[in-house]
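>>> the sequence isn't on hand, but the structure is:
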Ligand SMILES: [Zn+2]
């Protein structure tokens, strides 16, 4: 939390002692008398294919796999963006990136004055604002710095617990979320957003979850002809550490779900577990995230347990923006006009965007806009300027064979461009929010600002 500091945390603890036990054990008696709880769990930087439920052969997610067996699993889910701020803004507003506007844009003074570069405009109507106005208690606990209050994503949350200058480990996030849950009376609906940041670089799992990196060979001092093998070993080792991070996050998700079951009862709860984007480990020349829209970066897990829902595996393509429609259906809330969110099963085309900007040019030499669209089984990636790529994901999930020939991709490209042109951008704030001096100093140290 930004400068809430120990005072707020102390007040929090006192509140917990005073009111915490009111909610315990009484959830069963309130079924049907209030709207369902809404719990969103975002696994930051977590690609779908490293989870057991999505076919990974390592046991990275025993708790999530068990939960998924009681839930609806969307096999074909995509984010709207390959990095944290825009994708969370899509999740929380039900709008695509060019519509909500929370991304790096030309004209932002980030790399000259250090002013706040990108944020969600106050004109946005967020899920938390809607639910708060419907009488929900709302709180967000986030490990990612981009969820710090100054970036606007958490508007509408009565508790905005995220720090820009420190990423908060999963165990701490879980503890804070659990403490807050206990303060909410059983007859009051709650909306909880949790962002676990542990899978993000650097990959340093806690020792008890570092289950796979030790078994791998490490070639430290290769001869020249071993270079490729060494590079491959390194990737394998990095992936093993990444898997360990996911295993640790899975443990925390299990703890949180157990707590919700005990204190509130999960039968009357909508739980959505997803990711904001994935992570690349050298596929298609991509490393990390941002910049690219290949599958490792934008294909995400999407596990949904609805009140009264049945377990299922869905093949309908779903976008991160559609979570809002799922919440609306489960709670009976009305969605704001102009959102891009659609109920699952009704979407033919979904897309993702990445925009060049002064900052990205400086950091990563990103000199083009990139848009991608999926109309199953086809996916195009439009590099502007540059070549448009076309892949057939059912036959070629690794996007190895570019089928674009100037003709075949035309129809999908036109559909994508029409969809982008139809977006209704939110009015921007007249003035970007202030960036606190200590953040400006940090950005300067990192070389982001002059
Ligand atoms: Zn992220």
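Cool, got the structure. Since the model is a prediction, treat every value here as computed from it, not as a measurement.
>>> just the buried positions in stretch 186-193, please.
Applying a neighbour-count criterion of 16 or more other C-beta atoms under 10 Å, one finds 186, 189, 190, 191, 192, 193 buried in stretch 186-193. Glycine gets a C-beta too; all of them are placed from N, C-alpha and C.
>>> would you agree the fourth one is in contact with residue 133?
If I follow you right, that is residue 191. No. When contacts are counted by C-beta atoms under 8 Å, residue 191 is not listed as touching residue 133 (11.3 Å).
>>> what mean pLDDT does the biggest helix by length in the chain have?
The residue-count maximum for a helix in the chain (DSSP state H) belongs to helix 227-263. Across helix 227-263, the average pLDDT comes to 93.
>>> does the ion sit close to that helix?
No. Using C-beta under 5 Å from the ion, helix 227-263 never reaches the ion; the gap is at least 12.9 Å.
>>> what number of residues lie near the closest residue to the ion within the stretch 51-200 of the chain?
At 3.1 Å from the ion, residue 84 is the closest residue in the stretch 51-200 of the chain, using C-beta to the ion. Residue 84 has 25 neighbours, counted by other C-beta atoms under 10 Å.
>>> looks like residue 160 contacts residue 154 (just checking).
Yes. Under the criterion of C-beta under 8 Å, residue 160 makes contact with residue 154 at 4.2 Å.
>>> spit out the residues that contact these two alike.
Residues touching both residue 160 and residue 154 by C-beta atoms under 8 Å, 6 or more residues apart in numbering: residue 140.
>>> which one of these two has more residues nearby?
The neighbour comparison of residue 160 against residue 154 (other C-beta under 10 Å) goes to residue 154, with 26 against 22.
>>> I figured residue 206 was touching residue 247, is that so?
No. Using C-beta under 8 Å, residue 206 is not in contact with residue 247; the gap is 9.2 Å.
>>> more crowded one of these two?
Neighbours were counted for residue 206 and for residue 247 using other C-beta under 10 Å; residue 247 has more, 26 against 15.
>>> helix, strand or coil for the residue lying closest to residue 409 once chain neighbours are set aside?
Closest residue to residue 409 apart from its sequence neighbours, by C-beta to C-beta, 6 or more residues apart in numbering: residue 390 at 4.1 Å. What DSSP: H, G, I helix; E, B strand; the rest coil gives for residue 390 is strand.
>>> and residue 390, how many neighbours?
For residue 390, using other C-beta under 10 Å, the count is 21.
>>> who touches it in this structure?
By C-beta under 8 Å, 6+ apart, the neighbours of residue 390 are 378, 379, 380, 402, 403, 404, 408, 409, 412.
>>> can I get the buried part of these as one ChimeraX selection?
Selection of buried members from the contacts of residue 390 for ChimeraX, criterion 16+ other C-beta under 10 Å:
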select :378,379,380,404,409,412
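>>> out of the contacts of residue 390, which sit inside helices?
Secondary structure from DSSP H places residue 412 of these in helices.
>>> restrict the contacts of residue 390 to those near the ion?
Okay, of the contacts of residue 390, nothing touches the ion (C-beta under 5 Å from the ion).
>>> by proximity to the ion, which residue of the stretch 251-400 of the chain wins?
For the stretch 251-400 of the chain, C-beta to the ion, closest residue to the ion: residue 276, 4.2 Å.
>>> hmm, residue 89 and that residue touching each other?
No. Using C-beta under 8 Å, residue 276 is not in contact with residue 89; the gap is 9.8 Å.
>>> the more surrounded of these two?
residue 89 (34 against 30).
>>> picking that back up, and the next helix or strand past the longest helix of the chain?
Sequence order places strand 269-274 as the next helix or strand after helix 227-263, per DSSP states H and E.
>>> helices or strands next to that following strand in the packing?
Under the contact criterion of 3 or more C-beta pairs under 8 Å, 6 or more residues apart in numbering; DSSP states H and E, strand 269-274 touches strand 37-43, helix 62-69, helix 227-263, strand 302-305, helix 323-331.
>>> would JSON lines of the ones you listed with distance to residue 384 be doable?
Shown next, in JSON lines, are the helices and strands packed on strand 269-274 (distance: least, C-beta to C-beta, whole Å):
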{"stretch": "strand 37-43", "distance to residue 384": "29"}
{"stretch": "helix 62-69", "distance to residue 384": "37"}
{"stretch": "helix 227-263", "distance to residue 384": "30"}
{"stretch": "strand 302-305", "distance to residue 384": "28"}
{"stretch": "helix 323-331", "distance to residue 384": "28"}
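>>> mind checking which of these is nearest residue 173?
For residue 173, the closest of the helices and strands packed on strand 269-274 is helix 227-263, at 7.1 Å, according to C-beta to C-beta.
>>> list the buried residues of stretch 169-176.
Using 16+ other C-beta under 10 Å as the test for burial, stretch 169-176 gives 169, 170, 173, 174, 175, 176.
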